[in-house]
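task: produce atomic coordinates for the following.
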Amino acid sequence: MKELGLSPYETFTREAWSALAKETPLPLTEAEVGRLAGIADPMDLREVDAIYRPLSALLQMYFDSQQRLAFDRRHFLHEPNRPRPPFVIGIAGSVAVGKSTTARLLVELMRRLPTIPRVQLVTTDGFLLPNRELKRRGIMNRKGFPESYDRAELLEFIAAVKAGYPRVESPIYDHTVYDIIPGEKQVTTRPDILIVEGLNVLQSARTAQGRTGVVAVSDYFDFTIYVDAQPAHIEAWYVERFLKLRSTAFTEPDSYFKNYAQLSDTEAIERARHIWKSVNLPNLEENILPTRGRADLIITKGADHRVSQLRLRRI
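Sure, this is the predicted structure:
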């Protein structure tokens, strides 16, 4: 298909992509980029300039087009008082691939667009079922798999935000305690742009019987991004992150993983690889990777974390 030009994607090398937005200024500093980078996910100003500056310019075009269409639609339907829907961006990808860093960078870049939109970020971790419920269902070892989320609550949240509700609450997840924080809520207040980041946000709708359903979270997205890399590279990044967490977050008194803080390097590497191969890799292969072809943009990283190729869906 590629030879015949029938692929739904147009492919860009790093160099070709970087040249697309020469007129777009880069509003971030090196210090700000360093603050936004994740653990074991290096990021510098050159990478932001080459990859995320053109991406922010592209997203601005999509955002502006959606806003014009929303205005014309309200006029056509004689609904001048209907709230303007937010532009919703979905970001998917494996554990440890760097999708959280991508989300945080886009939040900061899009907040600084000429129109100065209100941008908010929500991660689907907040919609994981509480640990007590996961244990009750016997799926604690499948945390992060589709069945470990409260899909109904996530759908209700995204539908309310898209409908223009002025205040929509969502649960908050604490990675240190590895659980939902009881009573704590994140409030989404009618943003111009909402970024939703999570492992499985591009999945199609499924019923309990496994048949295709009616509504999926991705049905509410205006633009979708899949952050991609070879599984072997992601495994190496996951192990690297595990080793760094061993001497940081795992040492916290209330850390769910505090027992790992005492592991030797050899033991920690062995444990990280076991978790990757028994949990994260199966989830990637069974649930996450199959959704890659549904994304509007696929960002592919090399072994050094740097983006090597981008594929943009043709309009």
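
what about P54, helix or strand, and which?
Assigned by DSSP states H and E, P54 belongs to helix 53-76.

so how far is the helix or strand following that helix from its chain's centroid?
Once the chain leaves helix 53-76, the next helix or strand it forms, by DSSP H and E, is strand 87-93. Offset of strand 87-93 from its chain centre (Cα atoms, centre = their mean, to the nearest Å): 6 Å.

need the contact partners of strand 87-93.
Outside strand 87-93, the residues that touch it by Cβ atoms under 8 Å, 6 or more residues apart in numbering are 59, 62-63, 66-67, 99, 102-103, 106, 117, 158, 161-162, 192-202, 217-218, 220-228, 288, 291-292, 295. The C-beta positions use only the backbone N, C-alpha and C, and glycine is treated the same way.

buried subset of those?
59, 63, 66-67, 99, 102-103, 106, 117, 158, 161-162, 192-202, 217-218, 220-228, 288, 291-292, 295 (16 or more other Cβ atoms under 10 Å).

start and end of stretch 112-121, how far apart?
15 Å (Cα to Cα, to the nearest Å).

show me where the stretch 1-150 of the chain has strands.
Here the stretch 1-150 of the chain has its strands, by DSSP state E, counting those that start in this stretch, at 9-13, 87-93, 119-123.

C-alpha coordinates for the longest one, PDB please?
Pointing back at strand 87-93 there. Included here for strand 87-93 are C-alpha records, laid out as PDB according to Å, rounded to 0.1, in the frame of the first residue of the first chain:
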ATOM      1  CA  PHE A  87     -11.000  21.400  21.500                       C
ATOM      2  CA  VAL A  88     -10.200  18.000  23.000                       C
ATOM      3  CA  ILE A  89      -6.800  16.300  22.300                       C
ATOM      4  CA  GLY A  90      -6.300  12.700  23.200                       C
ATOM      5  CA  ILE A  91      -2.800  11.300  23.800                       C
ATOM      6  CA  ALA A  92      -2.200   7.600  24.000                       C
ATOM      7  CA  GLY A  93       0.800   5.300  24.200                       C
END
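
give me the sheet partners of it and which way each runs.
Counting by DSSP bridges, the strands paired with strand 87-93 are strand 193-197 (parallel), strand 223-228 (parallel).

list the contacts of A236.
A303.

so it sits in a strand?
No - assessed with DSSP: H, G, I helix; E, B strand; the rest coil, A236 is helix; it does not lie in a strand.

ok, now how distant is it from L243?
11 Å (Cβ to Cβ, to the nearest Å).

I'd guessed L312 sits against S7; true?
No - the criterion here is Cβ atoms under 8 Å, and L312 misses it with S7 at 10.9 Å.

more neighbours, the two?
Set L312 next to S7 and count neighbours by other Cβ atoms under 10 Å: L312 wins out with 19 against 13.

report the secondary structure state of the more buried one.
Strictly by three-state DSSP, L312 counts as strand.

show me the beta-bridge partners of it.
E10, L297.

now it: how far from Y62?
11 Å.

P231: what's it in contact with?
Contacts of P231 by Cβ under 8 Å, 6+ apart are S94, L281, L284, E285.

redo those residues as a markdown table? Include secondary structure and neighbour count.
As requested, the contacts of P231 are exported to a markdown table (DSSP: H, G, I helix; E, B strand; the rest coil; neighbours: other Cβ atoms under 10 Å):
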| residue | secondary structure | neighbour count |
| --- | --- | --- |
| S94 | coil | 26 |
| L281 | helix | 18 |
| L284 | helix | 22 |
| E285 | helix | 12 |
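
name the helix or strand of this protein that has the lowest mean pLDDT.
helix 30-36 (a mean of 78; mean pLDDT, DSSP states H and E).

pull it out as PDB, backbone CA atoms only.
The C-alpha trace of helix 30-36 is given here as PDB (Å, rounded to 0.1, in the frame of the first residue of the first chain):
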ATOM      1  CA  GLU A  30      15.500  25.400  28.700                       C
ATOM      2  CA  ALA A  31      14.600  25.600  32.400                       C
ATOM      3  CA  GLU A  32      10.900  25.200  31.700                       C
ATOM      4  CA  VAL A  33      11.500  22.300  29.400                       C
ATOM      5  CA  GLY A  34      13.600  20.600  32.100                       C
ATOM      6  CA  ARG A  35      10.800  21.000  34.600                       C
ATOM      7  CA  LEU A  36       8.300  19.500  32.300                       C
END
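
distance between that helix and the chain's centre?
19 Å.

who are the packing partners of it?
helix 99-111 (3 or more Cβ pairs under 8 Å, 6 or more residues apart in numbering; DSSP states H and E).

which residues does the residue positioned nearest the centre of the chain form a beta bridge with?
Nearest to the geometric centre of the chain sits E197, at 2.7 Å (Cα atoms, centre = their mean). Beta bridges link E197 to I91, T123 when assigned by DSSP bridges.

low-scoring stretches of the stretch 201-315 of the chain, by residue?
206-213 (pLDDT under 70).

break down it into its strands, ranges please.
Counting by DSSP E, counting those that start in this stretch, the strands of the stretch 201-315 of the chain are 223-228, 297-301, 307-313.
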